[in-house]
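K.L.:
The sequence isn't on hand, but the structure is:
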Ligand SMILES: Nc1ncnc2c1ncn2[C@@H]1O[C@H](COP(=O)(O)OP(=O)(O)O)[C@@H](O)[C@H]1O
Ligand SMILES: [Mg+2]
């Protein structure tokens, strides 16, 4: 019998609702979601357009607040926090990876990776050293003075991954991380994410692509603002 290594609970959503006021209409984007995610899990969130994926990612990323219910992030209820506390938690706890990379075009690779460290108040020399380590980790040590336009899409996404990792966040959130990449480049980026997961990094990604979801260990499938399925990809994605 194998004993599952028990890691600590990083995320708990309890009866979580997000209701958008749209004119005189209430749009119930998330409807009483309950879920628990542990440190080190590799999770994908799937669902059709309009099922609430972006809303969920915005809330998990502390970019938006729930209308009702609790969001416990590492033991703190972020649903009750003020905006300035939220942005502090966001900076110190979460790394983001976006579909469109969102690099700063005027900055070179090292400087882009340093952005979150700058906001976290790291001294320049330490920050540069850390960014260099991260560039090496994603295989871009020989490109550190390139600007984003001088890089391929896959390389840009690797810079974004290095940036997301720089401040050693508790959690990495990725929104369609391979959405702008061709198949072989997607595979490269997924290999990096798989490697991070193997090192114990907690990763949650939103994707509409079953091939991407198959890289993760757990698929949360959103239907009408709730997780209708929750399980390993082989189970949830079975036809
Ligand atoms: N700012 C907003 N104002 C009003 N309705 C919104 C807003 N953002 C999203 N919605 C609605 O909430 C629901 C979920 O949207 P979203 O989270 O973007 O889904 P997905 O990312 O899965 O496509 C949809 O019905 C959408 O129209
Ligand atoms: Mg969306």
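P.N.:
Everything's here; your move. Remember, predicted model here, so these are calculated numbers, not experimental data. Ligands and ions are numbered 1, 2, ... in the order given.

K.L.:
show me where this protein has helices.
P.N.:
Taking DSSP state H to define them, one finds helices in the chain at 53-60, 83-93, 109-119, 124-137, 153-166, 183-198, 210-213, 233-236.

K.L.:
Check these for me and report the most buried one.
P.N.:
Of all the helices of the chain, helix 153-166 has the most neighbours on average by mean count of other C-beta atoms under 10 Å, namely a mean of 24. Every C-beta, even on glycine, is put in place using the N, C-alpha and C of the backbone.

K.L.:
list the helices and strands that helix packs on?
P.N.:
strand 94-97, helix 109-119, helix 124-137, strand 171-175, helix 183-198 (3 or more C-beta pairs under 8 Å, 6 or more residues apart in numbering; DSSP states H and E).

K.L.:
Any idea how far stretch 223-235 is from the middle of the chain?
P.N.:
In terms of C-alpha atoms, centre = their mean, to the nearest Å, the centre of stretch 223-235 is set 18 Å apart from its chain centre.

K.L.:
right, so of the helices and strands packed on helix 153-166, which gets closest to residue 226?
P.N.:
Residue 226 lies closest to strand 171-175 among those, at 19.6 Å (C-beta to C-beta).

K.L.:
I'd like the helices and strands packed on helix 153-166 written out as CSV, with distance to ligand 2 and mean pLDDT added.
P.N.:
CSV is the format used below for the helices and strands packed on helix 153-166 (distance: least, C-beta to the ion, whole Å; pLDDT from 0 to 100):
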stretch, distance to ligand 2, mean pLDDT
strand 94-97, 15, 95
helix 109-119, 24, 95
helix 124-137, 28, 96
strand 171-175, 8, 96
helix 183-198, 19, 94
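
K.L.:
just to revisit the earlier point, need the helices of the chain in JSON lines with distance to residue 29, can you?
P.N.:
Formatted as JSON lines, those follow (distance: least, C-beta to C-beta, whole Å):
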{"stretch": "helix 53-60", "distance to residue 29": "4"}
{"stretch": "helix 83-93", "distance to residue 29": "19"}
{"stretch": "helix 109-119", "distance to residue 29": "28"}
{"stretch": "helix 124-137", "distance to residue 29": "34"}
{"stretch": "helix 153-166", "distance to residue 29": "25"}
{"stretch": "helix 183-198", "distance to residue 29": "26"}
{"stretch": "helix 210-213", "distance to residue 29": "21"}
{"stretch": "helix 233-236", "distance to residue 29": "21"}
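
K.L.:
Turn those into TSV, including distance to ligand 1.
P.N.:
Formatted as TSV, those follow (distance: least, C-beta to the nearest ligand atom, whole Å):
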stretch	distance to ligand 1
helix 53-60	3
helix 83-93	17
helix 109-119	25
helix 124-137	29
helix 153-166	20
helix 183-198	20
helix 210-213	14
helix 233-236	16
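
K.L.:
All set now, cheers.
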